[in-house]
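Enquirer: generate a structure from the sequence data that follows.
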Amino acid sequence: MKRLIWLVLLAFVLTPTLGCKRKAETAQETLRITCWEGYAKPYVDEFKKQIREKYGIDLQVKIHNPTDQDEFYMAAKEGTADLISPPMDLPKNPTFYCFPEGNTLLAEVDPAKIPNMAHILPFFQADQALIHEGKRYGVPYNCGPYGLAYNTEKVKEAPQSWNVLWDPRYAGLYTINNNFPKCNIWISALALGYTYDQIFDIAKLDREKVQKKLNVLAKNAKSLWDGAANPDEFPELALATTWGFAAQRANLKGGKWLIANPKEGGTAWIDNWCMTRAAEGKVKRLCEEWINFQLSPAQQARVVKDQGVSPVVDNVGSLVTAEEKKMFHVGDNDYFKTVALWQPLSRETQKAFKEMWEAAKKLRQ
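Expert: Numbers count the residues shown, from 1 in each chain. The predicted model follows:
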């Protein structure tokens with residue numbers, strides 16, 4: 001009897017201690033993100049703090065930065081990431097098709113769970129790239145051109161045409177992309193007078209004519225860049241093609257670069273946040289929180305200031321300077337109507353563009 005009483009008293013004494021320990025425990029979760037460099041790492045600590053305060057979750061975020069877009073597809077296919085940030089044209093690209101019948105690689109988006117989606121500009125809301133059979137499978141995050149940047153200390157007047165890249169004065173004084181050959185073919189075609197409804201289909205182009213233009217573009221470039229242009233090289237350059245990132249970073253180091261608006265127009269990409277089918281339950285909810293966080297006014301202002309590209313929302317307002325607002329077309333829905341958004345290319349067009357670029361690069365040897 002005494003033994004029983006002692007055990008009851010012991011349990012009574014220990015119960016509050018165990019209860020306090022249980023209360024102090026924090027749930028653990030891991031979020032896996034495969035995204036372009038700079039899209040996640042600078043913002044993770046703030047996001048983790050928000051999740052801890054809202055859900056009592058101690059969140060671990062694992063980030064992988066790919067060097068090529070095929071890694072987004074593989075991450076979705078193999079379930080090695082919960083969130084990916086592919087360019088808009090990738091999921092419906094024949095090579096990286098994410099919607100095979102009965103085996104969709106992405107998770108459907110519920111806008112009700114991402115309230116900041118209400119502020120996405122109408123132009124981006126209307127884009128059908130991530131809509132499949134009437135359902136949304138991605139959310140626009142940022143937008144940028146394959147743009148024509150110019151060094152105002154060496155090019156006094158804003159270039160009016162892509163043809164400035166073929167001006168003999170600038171031979172050896174510009175840099176262009178290497179690992180997205182299609183972009184160089186598009187600007188070569190635009191410089192020749194082709195229109196938006198022609199440049200995405202090799203059957204609508206005079207291949208030999210475009211090849212000759214492309215050959216000169218490749219041969220006279222000072223350098224070719226993969227991923228993003230090198231801002232450390234910009235003081236030596238007069239012109240550059242860029243997603244926008246490099247021009248902004250060059251300016252942060254004292255450069256004076258601007259983005260031109262060629263009369264022929266240009267192409268633009270939208271990078272989206274997509275949840276993969278691997279994101280389920282609480283992890284999917286955390287993915288939705290991440291997307292909503294990235295669409296907040298403060299984070300969209302950082303798209304401008306940190307990345308040097310355009311935000312996709314209408315409520316950044318006073319969080320950017322007047323110069324930034326103009327340079328990156330902040331909230332300018334009408335401007336985006338003037339660019340050609342990247343489109344999925346047929347296998348024939350992809351093959352032709354790759355062959356054309358490889359042939360052009362050989363002239364640099």
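Enquirer: just the helices in the stretch 101-250 of the chain please.
Expert: 122-126, 181-191, 196-199, 207-220, 245-252 (DSSP state H, counting those that start in this stretch).
Enquirer: mind checking how far the first one is from the chain centre?
Expert: Looking back up the chat, that one is helix 122-126. 16 Å (Cα atoms, centre = their mean, to the nearest Å).
Enquirer: check the second one too.
Expert: Centroid separation for helix 181-191 versus its chain: 20 Å, with Cα atoms, centre = their mean.
Enquirer: what's in contact with that helix?
Expert: For helix 181-191, contacts defined as Cβ atoms under 8 Å, 6 or more residues apart in numbering pick out 146, 148, 161-163, 165-166, 176-177, 198-200, 205, 210, 213-214, 217-218, 241, 262, 264-267, 340, 345, 350, 353-354, 356-358, 360. (Each C-beta comes from the backbone N, C-alpha and C, glycine too.)
Enquirer: can you tell me which of the residues you listed are in strands?
Expert: 148, 176-177, 241, 267, 340 (DSSP state E).
Enquirer: now render these as TSV, adding distance to Ala107, pLDDT and neighbour count.
Expert: Formatted as TSV, these follow (distance: Cβ to Cβ, whole Å; pLDDT from 0 to 100; neighbours: other Cβ atoms under 10 Å):
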residue	distance to Ala107	pLDDT	neighbour count
Leu148	37	96	23
Ile176	36	98	23
Asn177	31	96	23
Thr241	34	97	25
Thr267	28	95	20
Ala340	29	94	17
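Enquirer: farthest pair within the residues you listed?
Expert: Ile176 and Ala340 (18.2 Å; Cβ to Cβ).
Enquirer: which stretches of the chain form strands?
Expert: So, for the chain - with DSSP E - the strands run 27-34, 57-64, 83-84, 131-132, 135-136, 139-145, 147-151, 174-177, 223-225, 239-242, 257-259, 267-275, 310-311, 340-341.
Enquirer: quickly compare those and say which is most buried.
Expert: Sort the strands of the chain by mean neighbour count, taking mean count of other Cβ atoms under 10 Å, and strand 83-84 sits at the top with a mean of 30.
Enquirer: so what secondary structure elements neighbour that strand?
Expert: Applying 3 or more Cβ pairs under 8 Å, 6 or more residues apart in numbering; DSSP states H and E, we find strand 83-84 packed against strand 27-34, helix 70-78, strand 267-275, helix 281-294.
Enquirer: residues in contact with Lys361?
Expert: 178, 218, 224.
Enquirer: look up the closest residue to the last one, ignoring the ones flanking it.
Expert: Okay, so that is Leu224. Asn178 (3.8 Å; Cβ to Cβ, 6 or more residues apart in numbering).
Enquirer: what does the second one give?
Expert: With sequence-adjacent residues excluded and distances taken as Cβ to Cβ, 6+ apart, Ala218 is closest to Ala360, at 3.9 Å.
Enquirer: JSON lines for the helices and strands packed on strand 83-84, including distance to Asp314?
Expert: Formatted as JSON lines, the helices and strands packed on strand 83-84 follow (distance: least, Cβ to Cβ, whole Å):
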{"stretch": "strand 27-34", "distance to Asp314": "26"}
{"stretch": "helix 70-78", "distance to Asp314": "27"}
{"stretch": "strand 267-275", "distance to Asp314": "15"}
{"stretch": "helix 281-294", "distance to Asp314": "15"}
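Enquirer: which one of those lies nearest to Met117?
Expert: helix 281-294 (7.8 Å).
Enquirer: now, which of the ones in strands among the contacts of helix 181-191 sits nearest Ala75?
Expert: Among these, and counting by Cβ to Cβ, the member closest to Ala75 is Asn177, at 22.8 Å.
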